[in-house]
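Undergrad: need the 3D shape of this:
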Amino acid sequence: MGNFLAKEPPPPVVLVPPLFDFPPLSARNRMLEPSYNLLFGKLALKCLFEDYFEEARQFSAKFLLKPMDDPHVDLVASLSGSLDRKAESDLVGNALFRWQSDVDDPHTFVDLSVSTSNPVLLMRSSAYYPKYGVGAFAVYPLLSKKAEKLSDEYGVMGLRYGSTNLSLGATVSPFTTKDEFPQSAWLVSKMGRLTVGVQYEPLCDVNKDTAKYSDLRNWSCAAGYGVGSRSPLSPSFNFGLELARSSQFIASFYQHVVVQRRVKNPFEEDEVVGITNYIDLGFELQTRVDDSKASDNLPDSSLQMAASWQANKNFLLKGKVGALSSTFTLAFKSWWKPSFAFNISATTNHSTRETAYGFGLRVDSIREASYQRADPNFVMLTPNKEHLADGIVWKMGKRPMFQSDLDAENFSELPKELRPPQKIL
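TA: Residues are numbered from 1 along each chain as shown. Purely as a prediction, here's the structure:
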C-alpha cells in the first residue's frame, strides 16, 4: 500500500542564470552597419574584447534608462574620464535618445545623439520591412565643431536587403562633392555552415585618375565557418579568415561554451543539483602582408586573446592578453530594477611591469533579466524527465525549459531576452 501511494521524487534541475549583457547593446544598431562588419564572429569578439574592460587610470559610467509609461523610448548616457589628477584630459560624455516603433524589434528606430566631441549633434534612423527583407538607414551630423572637419560631415544614406542566407547593401553620401559612388558596398552569403563575403570601401586618399574599382586596396574579403545555434543557452563556435584591403590578414575564432557544474546551495530546494555557467573564448591575429608598401597606420602584427567566465547571475570574470599589456576585470551585477553593475580592471604593462586600475559603473533598466518571473531562475529538464513538467508548472507557476527544445532550436518558450535575434544575415 505504501509503494502504491509513493510518488516519484522531483527530477533534478539545473539553474540557468541570466546573461550579463544579452542582447548586446551594439546589436540594437546593427541595421546601421554593413553585415560584413558584424558577421564572421566580429560582433561577438568585439563584445568579448571590450565590454567591462576599462582603460588604465580611467573610469566610465553608463546609464541605460527607459520610462515605465512609454516602452518605445529610452535614453543611454555615458561619461568617462581620467583618474589621474595630473592628466589634463577632459571628461567625455554623450547621451542618446532613441524612439523604437516596435518594442520587440530593434530594427526600425530614430535616435538623436549629443556628445562633447564631434559630431556634437547626430541623428540616425533606420527602417526595416521583414516581409520583404528590405531596409533603409541614414546617419546625419546636424551640428559639429567648426575647428574640426568631419570626413562624413555630409551624412550617409544606405539601402540593404537581408534574408536568412543573403545580405547585400550600399551606402552613399548624397550631398558630398567628392567623386565617391558608392561610399561603400557589401555582399555576404551563407551556405550551410560556411559564410563568405566581400566589401568595397574606397580610400579617401586615392587619386581620381586611379581606377577605384580595380584597386585592390579598396576591397576586403572574408570567409567564416560557424557551428551551433544563435541562442546564448547553446554552445557555438566561429572561425574566420579575412584579407582587408589586400594589406592585412586577420585570423580569428570565437567559442561560446555552456557548461553545468554541481552546486549545493542551502538557499535552493533539494532538487537543485547544479548551475549553468557561460564561458567565452576568443583569439585574433592581425599581420601585414604588404611589406613592400608603405603603410604607417597599420602595425606589422598584433595578437590578442580573451576569455570570460560567468559563474552565476552576479559575478563575471574576464581577462585578455596582448603583445603590450594584459587586463583582468571582475564585474558584479545586482539584478534590481534597474540593475546595477560595478567592475574593476587591472592592466599590467608588459614592458614596465606596472599595474594600473580602472573602474566602471552601469545602471540598466532597458534589458530585463530572464529570471524575473515566478522563480529567480529557469530550470532545465532532461528529456527522460519531461513527463514531470506538469507538476513543476503547478509548483512554480510556469513551464520549465527543456533540453530537447534547445537541441531542436525551439525557442518559443524562452523569454524574449534569451531568444536569438531574428533570422537576418
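
Undergrad: just checking, what packs against the strand or helix carrying Ser326?
TA: Under the criterion of DSSP states H and E, Ser326 resides in strand 325-334. Using 3 or more C-beta pairs under 8 Å, 6 or more residues apart in numbering; DSSP states H and E as the contact test, the elements touching strand 325-334 are strand 315-322, strand 339-349. Just so you know, the C-beta spots here come from the backbone N, C-alpha and C atoms, and that holds for glycine as well.

Undergrad: could you pull out the buried residues of that strand?
TA: By neighbour count on 16 or more other C-beta atoms under 10 Å, the buried set for strand 325-334 is 325-329, 331, 333.

Undergrad: restricting to C-alpha, output that strand in CSV.
TA: The C-alpha trace of strand 325-334 is given here as CSV (Å, rounded to 0.1, in the frame of the first residue of the first chain):
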residue,chain,number,x,y,z
SER,A,325,49.6,44.6,-21.9
SER,A,326,47.3,42.2,-20.1
THR,A,327,44.0,43.2,-18.5
PHE,A,328,41.8,41.3,-16.0
THR,A,329,38.4,42.5,-14.8
LEU,A,330,35.9,41.4,-12.2
ALA,A,331,32.3,42.6,-12.5
PHE,A,332,29.5,42.4,-10.1
LYS,A,333,25.8,42.8,-11.1
SER,A,334,22.8,43.2,-8.9
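
Undergrad: which residues touch that strand?
TA: 20, 52-54, 56, 313-320, 339-350, 360 (C-beta atoms under 8 Å, 6 or more residues apart in numbering).

Undergrad: which of those count as buried?
TA: 20, 52-54, 56, 313, 316, 318-320, 339, 341, 343, 345-347, 360.

Undergrad: so can I have TSV of the helices and strands packed on strand 325-334 showing distance to Tyr213?
TA: Putting the helices and strands packed on strand 325-334 into TSV (distance: least, C-beta to C-beta, whole Å) gives the following:
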stretch	distance to Tyr213
strand 315-322	36
strand 339-349	43
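
Undergrad: returning to what we had before: chain center to the strand holding Ser326, what's the gap?
TA: Its chain's average C-alpha position is 17 Å from that of strand 325-334, according to C-alpha atoms, centre = their mean, to the nearest Å.

Undergrad: next one: stretch 343-352
TA: Offset of stretch 343-352 from its chain centre (C-alpha atoms, centre = their mean): 24 Å.

Undergrad: what mean pLDDT does it get?
TA: Over the span of stretch 343-352, the pLDDT mean works out to 93.

Undergrad: could you do stretch 156-169 as well?
TA: Rounded mean pLDDT across stretch 156-169 is 91.

Undergrad: what pairs with the closest residue in space to Leu317 that isn't next to it in sequence across the strands?
TA: Residue nearest to Leu317 in three dimensions, not counting chain neighbours: Trp309, with 4.9 Å by C-beta to C-beta, 6 or more residues apart in numbering. Taking DSSP bridges, one finds Ile279, Leu317 as the beta-bridge partners of Trp309.
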